[in-house]
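Colleague: using only what follows, build the 3D model:
(one chain, ligands or ions: 1)
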Amino acid sequence: MKKTSLISIVAVAAASALMLSGCAAGTSTSTRACVILPDADSGTRWEPGDRPALEKALTEAGYEADIQNAQSDTSKFATIADQQLSKGCGVMILVDFQGAGAAVVEKAKAQGIPTIAYDRPIAGADYYVSFDNEVVGQMQGQMIVDGLAAAGKDIKTASIIYSSGDPADGNAAMFLKGALSVLDAAGAKAAFTMEGTWDGAKAGTLFEQAFTAVKGKVDAVLAPNDNNAASIIAILDKNGLTVPVSGQDASVAGLQNVLLGKQTATVYKPFTIEAKAASELAIALLKGEKPSANKSLEDGTPFIALDPISTTADKVKDVVAAGDAKVADLCTADVAAACEANGVK
Ligand code: BGC
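Modeller: I've put the predicted structure just below:
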């Protein structure tokens, strides 16, 4: 009995502390959406794609959007979060950078602020909004299967280099899991497995080492995103090789490589859809609702999983039609003919 009442006293005290800290945090806490992006260069998406999409979706939903970028720095991530929390946040939408998100989620929770892990999983977040990462990986594996078949090569004996994203990003393992499920089933084997990274320049260096290790015999490369694929393709180009390469993000460079036949396909994950899903969720959380999710992560986090779109050269025009790529950016000098051939105009 005594124990129970002590617990309830502690609970009441904690609740009033929460309310107090909520008040102390500022006057407009409920309408400020605090967003932290991870970096400005790993995927060519966060600044040019997600920022404007989130800004638009949140503003239209009636939020004041405070969007900052941690610039590949875990301590900067923490500092930004502290500053945002002291100004006040009605919701936090965080794209993790190398695990820095988890501590921020804890701090936000202690102040009663709902947290949404955006695109990358974060332990303890209330929700996770992303494209279905395992399906993204399956699409990447399928690119290698289809690319090798089109090249008339037997996947069972093909020399395939496997690469992946930064292991500190929970997505990287999901992409790889999906890709391996398809590649293993097709009987593929890795001739060389590269260290995981989201740093495009590093991916290039690692691929050069892999290339040397397999004595230049490369039939295909499993690449986790367009940015890494572009560095890998530059080295393949230098060595006069054109082989199946996977990717994701429907970035300008990725779409151009797809059009040029240097990358088998890319996975298109429209930022506008992801940002809208996050802002709708934020509104619902603010109203105290508990929206349902169509999936959950292994740790039980509800996961609003969106459908990615595998995009080969003939489908690049759909990305343009959706407003997520511009003909002027894609169809530059050496790509113009491929644009014409694939109806990109
Ligand atoms: C995202 C990818 C992106 C990569 C590097 C992943 O978490 O899902 O779209 O290319 O990070 O920024």
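Colleague: need the pLDDT of the residue nearest to N69 when sequence neighbours are not counted.
Modeller: Leaving aside its sequence neighbours, N69 sits nearest to L37 (CB to CB, 6 or more residues apart in numbering; 4.5 Å). To be clear about C-beta, it is placed using only N, CA and C from the backbone, and glycine gets the same treatment. pLDDT recorded at L37 is 98.
Colleague: how about the residue of the chain found nearest the ligand, secondary structure?
Modeller: For the chain and the ligand, the shortest gap (CB to the nearest ligand atom) falls at G43, measuring 2.9 Å. Counting by DSSP: H, G, I helix; E, B strand; the rest coil, the backbone at G43 sits in coil.
Colleague: surely it and A229 touch.
Modeller: No. Under the criterion of CB atoms under 8 Å, G43 makes no contact with A229, lying 11.1 Å away.
Colleague: looking at those two, which is more packed in?
Modeller: With neighbours defined as other CB atoms under 10 Å, G43 and A229 compare such that A229 has more, 33 against 24.
Colleague: how near is that one to F207?
Modeller: Distance, A229 to F207, by CB to CB, to the nearest Å: 10 Å.
Colleague: for the stretch 101-250 of the chain, what lies in contact range of the ligand?
Modeller: D119, R120, G165, D169, N171, W198, N225, Q248, D249 (CB under 6 Å from any ligand atom).
Colleague: out of those, which is most surrounded?
Modeller: Neighbour-wise, those (other CB under 10 Å) top out at Q248, 32 neighbours.
Colleague: name the SS class of that one, please.
Modeller: Reduced to three states with three-state DSSP, the structure at Q248 is coil.
Colleague: quick one: low-confidence ranges for this protein?
Modeller: Where the chain drops to pLDDT under 70, the residues are 1-29.
Colleague: quick revisit: list just the nearest of the residues of the stretch 101-250 of the chain next to the ligand to N239.
Modeller: N225 (21.6 Å; CB to CB).
Colleague: go ahead and confirm that closest one touches S164.
Modeller: No. At 9.9 Å, N225 and S164 do not qualify as touching, with contact defined as CB under 8 Å.
Colleague: now G49, nearest residue through space, not along the chain?
Modeller: Closest residue in space to G49, ignoring its immediate chain neighbours: F271 at 4.1 Å, by CB to CB, 6+ apart.
Colleague: can you pull the contacts of the one you found?
Modeller: F271 makes contacts with R45, G49, D50, P52, A53, D324, as judged by CB atoms under 8 Å, 6 or more residues apart in numbering.
Colleague: just the buried residues of stretch 87-96, please?
Modeller: For stretch 87-96, the neighbour count (16 or more other CB atoms under 10 Å) marks G88, C89, G90, V91, M92, I93, L94, V95, D96 as buried.
Colleague: give me the buried positions along stretch 216-229.
Modeller: For stretch 216-229, a neighbour-count test (16+ other CB under 10 Å) marks V218, D219, A220, V221, L222, A223, P224, N225, D226, N227, N228, A229 as buried.
Colleague: and these, which two are furthest apart?
Modeller: Maximum pairwise distance in the buried residues of stretch 216-229, criterion CB to CB, is 22.4 Å, between D219 and N227.
Colleague: which residues does stretch 174-188 contact?
Modeller: So stretch 174-188 is in contact with 133-142, 144-145, 155-156, 158, 160, 164-165, 196, 222, 224, 246, 248, going by CB under 8 Å, 6+ apart.
Colleague: strands of the stretch 151-300 of the chain, start to end?
Modeller: Counting by DSSP state E, counting those that start in this stretch, one finds strands in the stretch 151-300 of the chain at the ranges 160-162, 190-193, 220-222, 266-268, 295-296.
Colleague: got the CA coordinates for whichever helix or strand comes after the last one in PDB?
Modeller: Per DSSP states H and E, the first helix or strand lying C-terminal to strand 295-296 is strand 302-306. Extracted as PDB, the C-alpha positions of strand 302-306 are listed here (Å, rounded to 0.1, in the frame of the first residue of the first chain):
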ATOM      1  CA  PRO A 302       5.100   1.900 -34.700                       C
ATOM      2  CA  PHE A 303       6.300   2.300 -38.300                       C
ATOM      3  CA  ILE A 304       4.400   4.300 -41.000                       C
ATOM      4  CA  ALA A 305       5.900   2.500 -44.000                       C
ATOM      5  CA  LEU A 306       5.500   4.200 -47.400                       C
END
